[in-house]
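Visitor: 3D model of this:
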Amino acid sequence: MAALRTVPSRKRGPPVSTTVPTEVDRAAAQPLHRRILFPPSSPAETPRILHSSAHETLDPLILDLIALSLRAYVTPWYNGSISRDPDKAFLQAVMAVLIHVVQALEVRLAAVDWADVLLAELPEVLANHYRDWDSAVERAGGGTAHNLSVDEMFHSLQPHIAIHLRQAAEGETTARHRVTPEVDRVYLRALVDRLLKLLLPPEDYRSDTERAIVREIIVAVVFGTVFNRVAQPWFIHGLIAKQLEAREAERAVMEKALSAEDRTASTGLVDKALTALLSLPLLLASLASLASTFSALSSSTRTTSSNLSSSPPPHQSLSALLLAILPSSAFLSQLVYLVSLPLAFFSSQLDSFLAQSVTEHVCAASTVKAAMEGAIKGMFPNDGWPAPKEDDPDEEAQDELRRRCEEALARALSPFLPSLLFPRLPPEPPDPRIHLARHLLRPLACHTANVHLFLSIVDLVVGKVFPELIVAPED
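Guide: Next comes the predicted model:
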């Protein structure tokens, strides 16, 4: 009978894997920067970079950017065909120096009033850039300009010690112009050397070889790429076109999804009225919150005004930029005059609101994260490796990029704007918005103007982050 005794059955779970993870599996599970900068069995902890509370979000991205840059630009020439760094000690030493530089930059960037820079000083630079371009176009080729081209006239209106013009060689991408701009390498080397003195650890800056290598990499690769390629009109046109076309595609997908929801939804008139009634308390609460926000901003007006006292008020700088970019017209002049009247009463609250918006949104960790993710994807698009160098497009391809940029910007503009801003519209092109888009993009079609603009922005940012480099003007 004992043999017939039944044994209660047990529920069997999923089979347990007895496979021991290999070294390859453990290495693949590590973050990207760990796989590049550290050996698989390294017990070293990942260093903390930022001192702010956003270090958990931004530190991995900064380390990934450092790791990918070292793998692409340092490991090939250091190791070569024979690995001289099996323990990756050299990469970790370079990483430690770069972390020191990032930490020094963090302290300096936190001390800058970015609301003042983005709302007051940068719009002023852009407004002057548009005004000088319009003046160069108006005066070029005349008797007073001695038949100077637009590039030469603009260069004379915005003289810079680091920029000079040379005759464009045959076959260059700027051969359609008589001259092409060049940025003085001596100026860039002196600027970068002063920056390295303020950012590098003292023992690294005292090494002449290390300082010279880092300086030449920054001058030749970073600044050379920016001024030789990024400042080209076709590059800027292509960048703007890609951004606008991507947003247009996202908007089309969202509109398609909303239209599908509208077709499937069966909300009646009573339901909509009930929803509107239920939303009234939320609307009143939001209005009360907005009123309290403006009252709080009004109480802090003196503090904000003292912070922005070194430059024009933000609303004035933005208004001046708007007038410089848009075509001059009676409608725009009357509109600015009418808007300026109420702004005179609420200018302090408006400036404080704009400064607070920049601090909360533009300088937020999420914005920095999105910018760093875009930089990593743009610099290393081929599965973590740089894209192969492509030849500059020919004139036909450049014209195609310009056309795409103009059409994408025209589609983003309201169809009523051209008739309001232009007293007379030419018969061509058929869409008046393209005529307005060309007017908005007018200085970007000149390589010389783009180089001047980029170097002006570099001077502005360097002067804010490194104020000790600013030389006081002589009386």
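
Visitor: tell me the confidence at residue 46?
Guide: Looking at residue 46, its pLDDT stands at 88.

Visitor: mind checking the SS state of it?
Guide: coil (DSSP: H, G, I helix; E, B strand; the rest coil).

Visitor: who's in contact with it?
Guide: By C-beta atoms under 8 Å, 6 or more residues apart in numbering, the contact set of residue 46 is 31, 33-34, 59, 63. Heads up, the C-betas are built off the backbone N, CA and C, glycines and all.

Visitor: PyMOL command for the buried members of the residues you listed?
Guide: Of the contacts of residue 46, the buried ones can be selected in PyMOL as follows, counting by 16 or more other C-beta atoms under 10 Å:
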select buried, resi 33+34+59+63
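
Visitor: pop the domain breakdown of the protein in here.
Guide: 30-110, 114-245+394-469 (automatic domain parsing).

Visitor: out of those domains, which is the most enclosed?
Guide: domain 114-245+394-469 (a mean of 16; mean count of other C-beta atoms under 10 Å).

Visitor: could you point out which element follows the helix or strand containing residue 402?
Guide: Using DSSP states H and E, residue 402 sits within helix 395-412. Counting by DSSP H and E, the next helix or strand C-terminal to helix 395-412 is helix 417-421.

Visitor: mean confidence for the helix or strand just after that following helix?
Guide: The C-terminal neighbour of helix 417-421 among helices and strands, as given by DSSP H and E, is helix 432-440. The average pLDDT within helix 432-440 is 90.

Visitor: list the helices and strands the helix or strand that helix 432-440 is followed by packs on?
Guide: Helices and strands here follow DSSP H and E; after helix 432-440, the next one along the chain is helix 447-465. The contact analysis (3 or more C-beta pairs under 8 Å, 6 or more residues apart in numbering; DSSP states H and E) places helix 447-465 against helix 89-110, helix 122-139, helix 150-157, strand 163-167, strand 179-183, helix 233-264.

Visitor: quick one: the nearest residue to residue 215 once chain neighbours are set aside from residue 214, how far?
Guide: Leaving aside its chain neighbours, residue 215 sits nearest to residue 192 (5.0 Å; criterion: C-beta to C-beta, 6 or more residues apart in numbering). As defined by C-beta to C-beta, to the nearest Å, residue 192 lies at a distance of 8 Å from residue 214.

Visitor: same deal with residue 366?
Guide: 31 Å.

Visitor: go on, residue 394?
Guide: In terms of C-beta to C-beta, residue 394 sits 36 Å off from residue 214.

Visitor: for residue 403, same thing?
Guide: Residue 403 is 41 Å from residue 214, by C-beta to C-beta.

Visitor: repeat for residue 419
Guide: Residue 419 is 55 Å from residue 214, by C-beta to C-beta.

Visitor: same question, residue 466
Guide: In terms of C-beta to C-beta, residue 466 sits 17 Å off from residue 214.

Visitor: ok so, going back, tell me how far the helix holding residue 402 lies from the chain's centre.
Guide: On the basis of C-alpha atoms, centre = their mean, to the nearest Å, helix 395-412 sits 21 Å off its chain's mean C-alpha point.

Visitor: who does that helix touch, helix- and strand-wise?
Guide: helix 233-264, helix 432-440.

Visitor: now the angle from it to helix 432-440?
Guide: 110 degrees (axes from the mean of the first three to the mean of the last three C-alpha atoms, to 10 degrees).

Visitor: what strand or helix carries the spatially most central residue of the chain?
Guide: Nearest to the geometric centre of the chain sits residue 371, at 6.7 Å (C-alpha atoms, centre = their mean). According to DSSP H and E, residue 371 maps onto helix 365-379.

Visitor: now do the buried residues in that helix.
Guide: Here helix 365-379 shows 368, 372, 376 as buried, counting by 16+ other C-beta under 10 Å.

Visitor: residues making contact with it?
Guide: Contacts of helix 365-379 with the rest of the structure, by C-beta under 8 Å, 6+ apart, involve 54, 57-58, 61-62, 64-65, 68-69, 361, 386.

Visitor: which residues touch the residue nearest to residue 132 when sequence neighbours are not counted?
Guide: Leaving aside its chain neighbours, residue 132 sits nearest to residue 157 (4.6 Å; criterion: C-beta to C-beta, 6+ apart). Each residue near residue 157 by C-beta under 8 Å, 6+ apart is listed here: 132, 135-136.

Visitor: same thing but 10 Å
Guide: When contacts are counted by C-beta atoms under 10 Å, 6 or more residues apart in numbering, residue 157 touches 128, 131-133, 135-136, 139, 452.

Visitor: kindly report the same for residue 207.
Guide: 200-201, 213-214.

Visitor: now do 6 Å
Guide: Applying C-beta atoms under 6 Å, 6 or more residues apart in numbering to residue 207 gives no contacts.

Visitor: list the contacts of residue 161.
Guide: Applying C-beta under 6 Å, 6+ apart, no residues contact residue 161.

Visitor: list phi and psi for it.
Guide: phi -60, psi -20 (degrees, to the nearest 10).

Visitor: state the distance from it to residue 183.
Guide: From residue 161 to residue 183 the distance is 11 Å (C-beta to C-beta).

Visitor: now swap in residue 458 and tell me
Guide: Residue 458 sits 10 Å away from residue 183, going by C-beta to C-beta.

Visitor: ditto for residue 367
Guide: Relative to residue 183, and taking C-beta to C-beta, residue 367 is found at 29 Å.

Visitor: over to residue 445?
Guide: 20 Å.

Visitor: didn't residue 32 look like it was pressed against residue 62?
Guide: No: the criterion here is C-beta atoms under 6 Å, and residue 32 misses it with residue 62 at 11.9 Å.

Visitor: per-residue confidence at residue 204?
Guide: 92.

Visitor: kindly report the same for residue 319.
Guide: 83.

Visitor: excluding chain neighbours, what is closest to it?
Guide: Sequence neighbours aside, residue 336 is the residue nearest to residue 319 in space, at 6.3 Å (criterion: C-beta to C-beta, 6+ apart).

Visitor: list the buried residues of the host helix or strand of that neighbour.
Guide: Using DSSP H and E, residue 336 sits within helix 330-357. By neighbour count with 16+ other C-beta under 10 Å, helix 330-357 contains the buried residues 343, 347-356.

Visitor: grab the nearest non-local neighbour of residue 219.
Guide: Closest to residue 219 by C-beta to C-beta, 6+ apart is residue 188, at 4.7 Å.

Visitor: now residue 315
Guide: Per C-beta to C-beta, 6+ apart, closest to residue 315 is residue 350, 5.4 Å.

Visitor: can I assume the one you found is in contact with residue 316?
Guide: No: between residue 350 and residue 316 there is no contact under C-beta under 6 Å: 10.5 Å.
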